[in-house]
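A.B. asks: prediction below, plus the sequence it came from.
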Amino acid sequence: MPRLCDRREDIRSSPTTCLRELRAKLRIPAGELTDEAVAMLGRYAFPGNVRELVNELEGAVIRADPTCRSPKTSFPRHLREPVIAAMPATGLEHDRMNFEREHIRAALERCDGVKKRAAPELRE
């Protein structure tokens, strides 16, 4: 099955179905998705595929303010502003990302590639 980001038309239909199921599961009277929310979801790549879409919708339903119809108050920043998240890192952010990457690699080497052993070391 193709990835969700390769099936943009499903991003427009899936949220409505997911929202209906979430309302029943959570017993929360959530409204319908606005055109703005559907367009916002359509701009995001969803690397986590359908599971990520469902998780983001569930979080938005839980955080939703019933008096406000704007998705900006319910959805996280990486969905509202995907262009900013996709921009290449520069300067200090780039250095921080490289430092973190090397720190993780070194921890994994010390733990013979076993993530469960490296995780506690990385939390310190």
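C.D. replies: All right, it came through fine.

A.B. asks: what residue ranges in the protein score low on pLDDT?
C.D. replies: For the chain, residues meeting the criterion pLDDT under 70 lie at 1-6, 8, 10-13, 30-31, 65-73, 82-90.

A.B. asks: following the chain onward from the strand or helix carrying Pro15, which element is next?
C.D. replies: Assigned by DSSP states H and E, Pro15 belongs to helix 8-26. Using DSSP H and E, the helix or strand that follows helix 8-26 in sequence is helix 35-43.

A.B. asks: and the helix or strand following that next one, what's buried?
C.D. replies: For helix 35-43, the succeeding helix or strand toward the C-terminus, using DSSP H and E, is helix 49-63. Under the neighbour-count criterion of 16 or more other Cβ atoms under 10 Å, helix 49-63 has Val50, Leu53, Val54, Glu56, Leu57, Glu58, Ala60, Val61 buried. Yep, even glycine has a C-beta here, placed from its N, CA and C like the rest.

A.B. asks: convert the C-alpha atoms of helix 49-63 to PDB, please.
C.D. replies: Only the C-alpha atoms of helix 49-63 are listed here, as PDB (Å, rounded to 0.1, in the frame of the first residue of the first chain):
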ATOM      1  CA  ASN A  49       1.400   7.300   7.800                       C
ATOM      2  CA  VAL A  50      -2.200   6.700   8.900                       C
ATOM      3  CA  ARG A  51      -1.300   6.000  12.500                       C
ATOM      4  CA  GLU A  52       0.200   9.500  12.800                       C
ATOM      5  CA  LEU A  53      -2.900  11.100  11.200                       C
ATOM      6  CA  VAL A  54      -5.100   9.300  13.700                       C
ATOM      7  CA  ASN A  55      -2.900  10.300  16.600                       C
ATOM      8  CA  GLU A  56      -2.800  13.900  15.500                       C
ATOM      9  CA  LEU A  57      -6.600  14.000  15.100                       C
ATOM     10  CA  GLU A  58      -7.100  12.400  18.500                       C
ATOM     11  CA  GLY A  59      -4.900  15.000  20.100                       C
ATOM     12  CA  ALA A  60      -6.700  17.800  18.300                       C
ATOM     13  CA  VAL A  61     -10.100  16.400  19.500                       C
ATOM     14  CA  ILE A  62      -8.900  16.300  23.100                       C
ATOM     15  CA  ARG A  63      -7.400  19.800  22.900                       C
END
